[in-house]
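Asks: Predicted model, plus sequence, below.
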Amino acid sequence: MSEESVPTESVDPAPAPEEAVPEPSSSETPHASHRTRAILVACAVLVLPVGYLLLHRSPVNASAPGATAQAPSIASLEALVSAQPTAANRINLSLAYIQAGRPAPAVPVLQAVLAEDKTNAIAWNNLCVAHTMQQEYRDGIDDCNHALAVQPDFQLAKNNLKWVTDERDATVKAITVQEQTDASKRDAAFYMAEGMNFLHLGNYDEAIHAWHRTLDMDPHNAAAANNIGTALMFEKQPDAAVPWFQKAIDFDPTMQLAKNNLAWARQEEAKPSR
């Protein structure tokens, strides 16, 4: 990676990819971390490039010469943002979330910064990282392009734009390979995976179509029904999403994720702006 002209925060690479189905915590609200919680499929953890984020640095207070300051905890940063919601404090909180492997809560924090100042290139860059970690490549590309529109010489944003573009291109390639699969080998699991690839590209209609094919082959597949509802939520169609979440619950009454998503959809339905 090329040398940066701005301060960067270096981190160790993320753990190797793991296959795991996310289990929502009972303490989470239905609307929390929607994109990472709403899809019931296995997702891989992306390896993060070194020097991928920016933070606003605060002076280090050392109690004695040579003392090493410890990074503040997420809880302390959350308390600081609650008391002093400056752009710098919120960006530092977003970085802490991302370094902890929790990009979802970083997104609304950064979006709040950008709602107040759309020229904050650091916030756009870090939002790109958070979206890329969540495999939301279309959003990540848009974020990095916004950062570069504000600051064309922002090398870190250029690096991250290449990162997210490479991830997007790899997903496109995976879909191309999937399309060459013989029809006789396209089972329910094939269409579940294909739907996820389309979702990562922001192609929600194709994702929905793939999960319909899953249901054609496995009519009581609760995960597919849940995922269709989620894609409809991303398309801002909560009315259409509700029956799919309900169908997922009918197929599997123990699926807490679908119950959370149903509550989310009904919450969106009830908003006055609709």
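Replies: Yep, it's here.
Asks: what does stretch 197-208 rub up against?
Replies: Stretch 197-208 is contacted from outside by 39, 135-139, 168, 171-172, 174-175, 178, 195-196, 210, 227-228, 231-232, 234-235, using CB atoms under 8 Å, 6 or more residues apart in numbering. For the C-beta atoms, the positions are set from N, CA and C on the backbone; glycine is no exception.
Asks: Return it as CSV; C-alpha atoms alone will do.
Replies: Listed next in CSV are the C-alpha coordinates belonging to stretch 197-208 (Å, rounded to 0.1, in the frame of the first residue of the first chain):
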residue,chain,number,x,y,z
ASN,A,197,-24.1,-12.9,-4.5
PHE,A,198,-26.8,-10.8,-6.1
LEU,A,199,-27.6,-9.2,-2.8
HIS,A,200,-23.9,-8.2,-2.3
LEU,A,201,-24.1,-6.4,-5.6
GLY,A,202,-27.3,-4.6,-4.6
ASN,A,203,-29.2,-6.5,-7.2
TYR,A,204,-32.2,-7.2,-5.0
ASP,A,205,-34.6,-8.3,-7.8
GLU,A,206,-32.2,-11.0,-8.9
ALA,A,207,-31.6,-12.1,-5.3
ILE,A,208,-35.4,-12.4,-4.8
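Asks: Buried ones in it, by neighbour count?
Replies: Applying a neighbour-count criterion of 16 or more other CB atoms under 10 Å, one finds 197-204, 206-208 buried in stretch 197-208.
Asks: same question for that stretch, mean pLDDT?
Replies: In this model, stretch 197-208 has a mean pLDDT of 86.
Asks: I'd like the numbering to begin with 521 instead of 1 from here.
Replies: Taking 521 as the first residue, the last one we looked at is stretch 717-728.
Asks: any idea how far it is from the chain center?
Replies: From the chain centre to the centre of stretch 717-728 is a distance of 14 Å (CA atoms, centre = their mean, to the nearest Å).
Asks: which residues of the stretch 621-770 of the chain fall in helices?
Replies: Taking DSSP state H, counting those that start in this stretch to define them, one finds helices in the stretch 621-770 of the chain at 623-636, 641-653, 657-670, 675-699, 708-720, 724-737, 742-754, 758-771.
Asks: contacting residues around Arg610?
Replies: 601, 629-630, 632-633.
Asks: Widest-spaced pair of these?
Replies: The largest distance within the contacts of Arg610, taken as CB to CB, falls between Val601 and Leu630 and amounts to 11.9 Å.
Asks: Of these two, which one has the most company?
Replies: Between Val601 and Leu630, counting by other CB atoms under 10 Å, Leu630 is the more crowded of the two (30 against 19).
Asks: pretty sure the more buried one is touching Ser614, no?
Replies: Yes - the pair Leu630 and Ser614 qualifies as a contact (CB atoms under 8 Å) at a distance of 5.0 Å.
Asks: Which neighbours do the two have in common?
Replies: Counting by CB under 8 Å, 6+ apart, the contacts common to Leu630 and Ser614 are 643, 646-647, 650.
Asks: With pLDDT, distance to Gln776 and neighbour count as added columns, please give those residues in CSV.
Replies: Below are the shared contacts of Leu630 and Ser614 laid out as CSV (pLDDT from 0 to 100; distance: CB to CB, whole Å; neighbours: other CB atoms under 10 Å):
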residue, pLDDT, distance to Gln776, neighbour count
Ala643, 96, 33, 28
Asn646, 94, 31, 32
Leu647, 95, 29, 28
Ala650, 93, 25, 27
